[in-house]
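**Q** Show me the folded form of this:
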Amino acid sequence: MGETTKPGADMMRIPVPRLQVGMFVTAVDKRGHVAVANAGQIRSQESIDKLSKSGIQYVWVDAERSDESCGLKKASSLPAKPIVKKTVNREQSQIKAKKLLIEAKGLVKKVLSETFEGKAVEVEPFEALADNMIASVLDDSDALKCVSALRTKDAYLLEHSINVAFLLITFGKYLKLEKNILRQMAIGGILHDIGKIKVDDEILNKPARLTPEEFEHMKLHQVYAAEIMAETTGLSQISKDVCLMHHEKLDGKGYPHGLKGDEIPLHGRMSCIVDIFDALTATRCYKEAMSPAAAFKVLLSLTPFHLDEKLVYEFIRCVGVYPVGSLVELSDGRVGIVWDAKNRDALHPILKCFYSNKHKRYVDVAMVDLLKSDLHIERGVSPSSLDVDPSPFY
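**A** Numbering: from 1, shown residues only. So this is what the prediction gives:
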């Protein structure tokens, strides 16, 4: 394996300490001899440490076959290109995400009105929608998160159903569940509140606390949902569970079936967490939206009798204390949208700042990278606590 032939033009000789995860190593350099036995992509820091311990000082890296993030490709040597490209990609992703959510709302609206008229639900359109949502999460989840953070009071049922599906995909992906499971969970999420179409509108949208009688009527939405599910052909058990278990509690005091402990499977437990989180962070006709950080406190207060404690912590890690699309206030008083959090820790995202809470006025829109700034996040902000509407800046 010890040829001395120099690798081709696209190859770069890089010192081992400068190696990064994602670089494609074509050969290792052993005292001037090139050995190709260890060729392949660097998948972890351990691989780099191993090379170091073996006494290898240099490796040959194929720039073209390395990940974009390594910044080795020829295009990335032009200083302006990568930044422009990223912005365009994000804009395109935002447009795609908006289009997807408009289509999703249209489909859910259509199905809700058809269900109201007594027509059976057809699963195929939801399978296609679920696949598009999964693709969007895998493609650029930040864009989808920012678009879905825009909520309207009057479209709660539509937006909540779509957001629950989207959060289930995101959470399921984080827990490394198979794509097929993600699809079934997403369909269940889209349909999880379908029974509410048969609940009295006055109770559904009542701006005050429900009386015990009204709450009993509200609970019937799960009985109606079970009837609708029974008439729907091609719906998997996982989809049905997500729909019919999101009000169950681990101590058996939930509804409709009072399931207890292990009777509620993983996807059922996930739906309980996601449903409550999205309801808390949405503006409703009778309450203002909570910041995600405040919603996490509520979720934790519901453990271990209602929600699965371990899963709630996993969900918090998955979503992040300051999720993309949420609002935060910086140490200088500016308010910004959490814009980009890829490959970053929770406290150092990129923010899109547009307003000063300190001076109560708009400021020039600026992207602030907290990895390169002395500023820090002071707190999460709920949209309702702002004096201005943040939606034009998404």
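
**Q** As a check, name the ranges of all strands in the stretch 51-200 of the chain.
**A** Counting by DSSP state E, counting those that start in this stretch, the stretch 51-200 of the chain has strands at residues 58-62.

**Q** Now do the same for the residue nearest to residue 160 when sequence neighbours are not counted: helix, strand or coil?
**A** Once flanking residues are discounted, residue 160 sits nearest to residue 278: 5.8 Å by Cβ to Cβ, 6 or more residues apart in numbering. (Each C-beta comes from the backbone N, C-alpha and C, glycine too.) Assigned by DSSP: H, G, I helix; E, B strand; the rest coil, the conformation of residue 278 is helix.

**Q** Next one: residue 278, what pLDDT does it get?
**A** On the pLDDT scale, residue 278 is placed at 92.

**Q** Go ahead and confirm it touches residue 163.
**A** Yes. Between residue 278 and residue 163 there is a contact under Cβ atoms under 8 Å: 4.8 Å.

**Q** give me the low-pLDDT residue ranges for the stretch 151-300 of the chain?
**A** 151-154, 285-286 (pLDDT under 70).

**Q** That one: helices as residue ranges?
**A** 156-174, 179-191, 201-204, 212-230, 237-244, 266-280, 292-301 (DSSP state H, counting those that start in this stretch).

**Q** out of those helices, deepest packed?
**A** Highest mean neighbour count among the helices of the stretch 151-300 of the chain (mean count of other Cβ atoms under 10 Å): helix 179-191, with a mean of 24.

**Q** In this structure residue 308 contacts residue 268, no?
**A** No. Judged on Cβ under 8 Å, residue 308 makes no contact with residue 268 at a distance of 9.7 Å.

**Q** Near residue 208, how many other residues are there?
**A** Residue 208 has 7 neighbouring residues, counting by other Cβ atoms under 10 Å.

**Q** Check the gap between it and residue 284 for me.
**A** Going from residue 208 to residue 284 by Cβ to Cβ, to the nearest Å gives 12 Å.

**Q** tell me the contacts of residue 274?
**A** 164, 167-168, 171, 189, 246, 315 (Cβ atoms under 8 Å, 6 or more residues apart in numbering).

**Q** any idea how far it lies from residue 90?
**A** 25 Å.

**Q** again, but for residue 215
**A** Residue 215 is 44 Å from residue 90, where distance means Cβ to Cβ.

**Q** Also residue 143?
**A** In terms of Cβ to Cβ, residue 143 sits 6 Å off from residue 90.

**Q** likewise residue 271?
**A** The value you get for residue 271 to residue 90, if Cβ to Cβ is used, is 30 Å.

**Q** next one: residue 169
**A** From residue 169 to residue 90 the distance is 20 Å (Cβ to Cβ).

**Q** what's around residue 200, how many residues?
**A** So residue 200, with other Cβ under 10 Å, has 12 neighbours.

**Q** Next, it: phi, psi?
**A** Phi and psi for residue 200, reported as degrees, to the nearest 10, are phi -60, psi 120.

**Q** what's near enough to touch the nearest residue to it once chain neighbours are set aside?
**A** Closest residue in space to residue 200, ignoring its immediate chain neighbours: residue 217 at 6.4 Å, by Cβ to Cβ, 6+ apart. Residue 217 makes contacts with 199-200, 203, as judged by Cβ under 8 Å, 6+ apart.

**Q** Equivalent analysis for residue 348, please.
**A** 369-371.

**Q** Make JSON lines from those and add secondary structure and distance to residue 362 to it.
**A** Formatted as JSON lines, the contacts of residue 348 follow (DSSP: H, G, I helix; E, B strand; the rest coil; distance: Cβ to Cβ, whole Å):
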{"residue": "369", "secondary structure": "strand", "distance to residue 362": "21"}
{"residue": "370", "secondary structure": "coil", "distance to residue 362": "21"}
{"residue": "371", "secondary structure": "coil", "distance to residue 362": "25"}
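
**Q** Out of these, flag the one nearest to residue 328.
**A** Set against residue 328, the nearest of these by Cβ to Cβ is residue 370 (9.8 Å).

**Q** Tally up the residues packed near the closest one, please.
**A** 21.

**Q** For the nearest residue to it once chain neighbours are set aside, give me phi and psi.
**A** Spatially, and ignoring its direct neighbours in sequence, residue 370 is nearest to residue 348 (4.2 Å; Cβ to Cβ, 6+ apart). Main-chain dihedrals, residue 348, degrees, to the nearest 10: phi -130, psi 60.
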